[in-house]
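Engineer: Build me a model:
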Amino acid sequence: MIRAALAFLLLLPAVANACETLTYKSNDYTLCEVTLEDDLRLFHSDADGRLLGSFSRINAMLADSGQTLGFAMNAGMYHTDRSPVGLFVENGIERAPLADGGTYGNFGLKPNGVFCFSKDRLAVIETNAFRDARPACDYATQSGPMLVIDGALHPRFLLDATSRYIRNGVGVSADGTRAWFVISDNPVTFHEFGSLFRDHLKTPNALYFDGKVSRLFAPDLGRSDSGFPLGVIVGTVISR
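Structural biologist: Alright, predicted model coming up:
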């Protein structure tokens with residue numbers, strides 16, 4: 001019986017990262033933690049340039065190589081054709097250029113920023129600082145607004161704000177070895193969402209991905225949100 005149980009466990013996918021639910025100041029969230037040991041990637045289109053747009057289509061693509069998503073969520077704003085609003089780097093190749101943000105919705109609530117990562121570092125960097133430094137990124141997605149900037153909340157986040165949405169974003173540890181991807185499970189304000197990263201997760205920098213359209217794939221929690229096609233998606237890849 002014990003040998004049979006062990007054999008069954010060996011057949012299960014190796015989940016490299018775990019997602020969990022938490023309650024912080026009366027709001028509910030789901031959080032997925034990623035380290036440099038995880039195979040983290042950004043997805044947008046397949047090899048023929050066709051939009052992926054959903055967790056199921058990414059999994060179908062990965063299945064050809066015996067892989068699957070460990071977790072995933074939408075990772076940045078997009079135009080009506082689902083092309084990225086700002087910078088998008090995939091496998092070291094720039095697919096869309098850095099943008100200043102203009103007045104495009106929440107992206108224009110400056111400062112906005114870039115989530116940039118490679119094999120040796122994860123980072124959330126304010127857009128102007130990114131433009132000046134131009135760090136090398138294996139993958140990068142630009143979004144906005146910044147939630148936390150060098151330990152401070154975005155200056156336009158109001159404690160008494162009334163605008164509430166399901167929101168998602170990412171924050172990175174000070175040493176760049178760990179990232180937390182978070183989606184709210186009930187509508188929250190920008191101030192509440194940013195405070196989770198600054199005060200609970202202690203991330204010196206955090207970036208907003210989106211609201212209203214926010215979705216999560218977390219099979220260890222039995223969750224796979226669906227809906228209309230998304231733009232850039234971030235997720236970990238594991239062997240089946």
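Engineer: which residue is nearest the middle of this structure?
Structural biologist: When Cα atoms, centre = their mean is applied to the chain, the residue found nearest the centroid is A75 (4.6 Å).
Engineer: ok, and what's touching the strand or helix carrying D28?
Structural biologist: When elements are assigned from DSSP states H and E, D28 belongs to strand 27-35. For strand 27-35, contacts defined as Cβ atoms under 8 Å, 6 or more residues apart in numbering pick out 17-23, 40, 71, 73, 122, 177-186, 188, 192, 196, 201, 216, 218, 221, 223, 236. Any C-beta I mention is one placed from the backbone N, CA and C, and that applies to glycine too.
Engineer: Direction included, what does it pair up with?
Structural biologist: Sheet pairing here is set by DSSP bridges, and for strand 27-35 it gives strand 19-24 (antiparallel), strand 178-184 (antiparallel).
Engineer: Could you pull up the mean pLDDT of the shortest one?
Structural biologist: The predicted model assigns strand 19-24 a mean pLDDT of 98.
Engineer: Report the distance from stretch 115-124 to the chain centre.
Structural biologist: Here the centre of mass of C-alpha atoms in stretch 115-124, compared against the chain's by Cα atoms, centre = their mean, to the nearest Å, lies 12 Å away.
Engineer: Check stretch 207-226 too.
Structural biologist: Using Cα atoms, centre = their mean, the offset of stretch 207-226 from its chain centre is 9 Å.
Engineer: thought D185 was touching E20?
Structural biologist: No - under the criterion of Cβ atoms under 8 Å, D185 lies out of contact with E20, with a separation of 11.7 Å.
Engineer: Show the contacting residues for the nearest residue to S143 once chain neighbours are set aside.
Structural biologist: Ranked by Cβ to Cβ, 6 or more residues apart in numbering and with sequence neighbours excluded, the top spatial neighbour of S143 is G76, at 4.2 Å. For G76, the residues meeting the contact criterion (Cβ under 8 Å, 6+ apart) are 84-86, 88, 141-143, 209-210, 231-232.
Engineer: Distance check, G76 against A18.
Structural biologist: With distances taken as Cβ to Cβ, to the nearest Å, G76 is found 24 Å from A18.
Engineer: the more surrounded of D185 and E20?
Structural biologist: Per other Cβ atoms under 10 Å, whichever of D185 and E20 has more neighbours is D185, with 16 against 12.
Engineer: per-residue confidence for that one?
Structural biologist: The per-residue pLDDT reported for D185 equals 98.
Engineer: Could I get the full set of helices for this structure?
Structural biologist: For the chain, the helices defined by DSSP state H occupy 2-11, 55-63, 127-133, 190-195.
Engineer: circling back to that earlier point, just the buried ones among the contacts of strand 27-35, please.
Structural biologist: The neighbour-count test (16 or more other Cβ atoms under 10 Å) marks 17, 19, 40, 71, 73, 122, 178-185, 188, 192, 196, 201, 216, 218, 223, 236 as buried among the contacts of strand 27-35.
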